[in-house]
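Q: this is a predicted model, with the sequence first.
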Amino acid sequence: MQKHVFPLLVGSLTVIACSTTQPTADDDSAPATGGTTSMGSGGTGTSATGGTGTGGSSSPGTGGTGNTSTGGTGVGTGGTGVGTGGTGVGTGGTTTGGSAGMSMGGTSQGATGGTSSMSGAGGGSAGSAMVTCSNTDKSLIPIDATGWVDKSCNACGIQGAFYWYADANTTPSLMCNGAACKADTPPYQAGAPGPGMCISGKATGTAADWGAGIGLSLNDSGGMSSVKGAFNASAAACGNITGFDITLTGNTGGMPVRIGFTTSGDGTTIAPFIPVGDPAGTSLALSGSQQIVIKNAVIPADWMSTDPSPPDPSKIYDLQIQVAADQAKAGTAFDLCVTSIKPVTDGNGGSGGGGGGSCKSNSVGTISTNTGVQALGTSGLGFQNNVNNLGSGSQKVTGMYGTGCGALTVDTTGIKSNNDAPASYPSLVDGWHWGSWAGAYTQGSVKAVSALSSVKSSFAFTPPGGNKWDVSYDMWVAQSSSISAPDGNTLEVMVWLDYSNAVTTNPIGSKLTTSFSAAGTTWEVWYGATGSWHTVSYRRSPGTAPVTDLDLLAFLKDAVTHGTGSASWNLLSVEGGFELFDATSGGSIDSYSCSIN
């Protein structure tokens, strides 16, 4: 269990304001519903007032023809006709098949700022008397060349248009379907890495240039005078939508992807988001029950924003997928496709390893006391509340199990530690925990690291909410199996699967210059001391997928090479859970298994 965390500030992430002005016509155009900023401050264009668009069918209002704007703070009145322009100050206008969208823009350094353009729609069937759905599975959102999603083509009643958006300087390199992205044209691509909504381009190498993305409006009225409205995910036609299964393909060159939910229709608020990893040339399936959960989207606390965070699920306007290019080297290429979107209701559905609902077949009750490990039925695991550094709030856990696996729900009133150490580590246990033993791995069956053949675990989770937390394995290796607490001959090995981005959360110690590869990805390696023992921590990008049959032995073998421990030392236990420092909700372990051999 981690004892100290030191915040790390990367660049300047201060968000000053969100611009609602309309960029000039040659700025960063975005087909479909266009959009205003929602994840950062507006640009600082020198003459962003633009001209006055004429509207009408012959020359749709494009938001003016002002020069040199990079997101600007001018008015940009746009046209009033049915076209690609705006109908007021940065509203995105009305079009056939779509309305105003909201980008995850901003030009604040290190953020995702900037103002994206607001040029028109891409919903081919909007307003037509007859609707032809390209999908037969109504649980999925249709993704096709029209760019329009009609409410009759999905079970949840989502209706709106797909669009692209980008900052002004990334726009010139942005490609849609092999050609420069065009206003009034959705970014659909039939070929690889699609079929799907796809963009490609290059980072500028400037922190003020936040990148580009793909958006979907969720509640457009459609028709010739389409009106953008808030979507109530809590009362959708299919039920209570809690998240979205999303499949991404392509390669973003190591740049993170941010999944955001806009909270206003006019670009006056910053959009909370969830960071995920680079598809890296593969198909990245993101789970709506464990990862892309609406309530887990947040605005980083050090952005100093008072906008809604997390978003109110009953008042969201757009789903946005952005390549965050603000920290990338100039010329770094990216391509990203959204190939599948599926709403997830009531936390059910979605992908992820570990067994699913069968791990919740039986309940063993609730632990409200701070310490003590209890058996989790016949799962071969124990479970614990493990509160040991409480500054405020309270916590309890409920344990469940199935055949060979367990689950845990964590209820908190808003737990917070009284220093930099975690307030608690609610978790499932196989083996030793500070002198106690629980699970199938007993004191009599302890093996040296060198004698182990595998340590396989599956772990599916719903992350906690709040400013500071991590989702992690905690493994203990010691020279003796008879210790009641860690000593100088003890090594703690942590493997971080996910962590909060609201406040910088780092493992104990310092990050080593060398990294570690396992489970098809690269992990940072951290090393430091806590009290009398040392800790080696491995951390991957936050928000990435749950794990299935992850062999933890590779981490253990590497950990003992970093200055403390030996392969002759014994593995005492494997634990999986949440380190909570400042949490508004405790999260849940939806399914978990561990097999030490």
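A: Alright, I've got the coordinates.

Q: beta partners of residue 447?
A: Applying DSSP bridges to residue 447 yields these beta-bridge partners: residue 571.

Q: number of residues surrounding it?
A: Close neighbours of residue 447, defined as other Cβ atoms under 10 Å, add up to 15. From N, CA and C alone the C-beta is placed, and that goes for glycine too.

Q: residue 571 is in contact with that one, correct?
A: Yes: between residue 447 and residue 571 there is a contact under Cβ atoms under 8 Å: 6.2 Å.

Q: are there residues contacting both of these two? Which ones?
A: Common contact partners of residue 447 and residue 571 (Cβ atoms under 8 Å, 6 or more residues apart in numbering): residue 596.

Q: I figured residue 186 hits residue 145, correct?
A: Yes: the pair residue 186 and residue 145 passes the contact test of Cβ under 8 Å, sitting 7.3 Å apart.

Q: which one of these two is surrounded by more residues?
A: residue 186 (31 against 15).

Q: not counting sequence-adjacent ones, nearest residue to the more buried one?
A: residue 147 (2.6 Å; Cβ to Cβ, 6 or more residues apart in numbering).

Q: residues near the one you found, how many?
A: Neighbour number of residue 147 under other Cβ under 10 Å is 29.

Q: try residue 396
A: Count around residue 396 with other Cβ under 10 Å applied: 18.

Q: show me the contacts for it.
A: 366-368, 385, 410-411.

Q: cool, and residue 180?
A: residue 174.

Q: which residues does it form a beta bridge with?
A: Going by DSSP bridges, residue 180 forms beta bridges with residue 175.

Q: same thing with residue 337?
A: residue 198, residue 249.

Q: quick one: it and residue 283, what's the gap?
A: 10 Å (Cβ to Cβ, to the nearest Å).

Q: and for these two, which residues touch both?
A: Common neighbours of residue 337 and residue 283 (Cβ under 8 Å, 6+ apart) are 248-249.

Q: so for the two, which sits in the more crowded spot?
A: residue 337 (27 against 13).

Q: quick one: that one and residue 194 touch, right?
A: Yes: at 4.9 Å, residue 337 counts as touching residue 194 under the criterion of Cβ under 8 Å.

Q: which residues do these two both contact?
A: Counting by Cβ under 8 Å, 6+ apart, the residues touching both residue 337 and residue 194 are residue 249.

Q: for the record, mean pLDDT for the helix or strand harbouring residue 580?
A: Assigned by DSSP states H and E, residue 580 belongs to strand 570-585. If you average the pLDDT over strand 570-585, you get 96.

Q: next secondary structure after it?
A: strand 588-596.

Q: compute the inter-axis angle for that next one and strand 570-585.
A: 180 degrees (axes from the mean of the first three to the mean of the last three Cα atoms, to 10 degrees).

Q: so how far is strand 588-596 off the chain centroid?
A: 22 Å (Cα atoms, centre = their mean, to the nearest Å).

Q: that strand pairs with which strands?
A: In the sheet, strand 588-596 lines up with strand 405-412 (antiparallel), strand 455-462 (antiparallel) (DSSP bridges).

Q: could I get those as TSV with distance to residue 171, mean neighbour count and mean pLDDT?
A: What follows is those, written out as TSV (distance: least, Cβ to Cβ, whole Å; neighbours: other Cβ atoms under 10 Å; pLDDT from 0 to 100):
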stretch	distance to residue 171	mean neighbour count	mean pLDDT
strand 405-412	44	26	95
strand 455-462	37	24	93
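
Q: how about the helices in the chain?
A: Under the criterion DSSP state H, the chain carries helices at the ranges 553-559.

Q: how about low-confidence regions in it?
A: 1-130, 347-357, 543-545 (pLDDT under 70).

Q: report the beta-bridge partners for the spatially closest residue to residue 366 that is not a sequence neighbour.
A: Nearest non-adjacent residue to residue 366, counting by Cβ to Cβ, 6+ apart: residue 398, 4.7 Å away. Following DSSP bridges, residue 398 is listed with bridge partners residue 366, residue 409.
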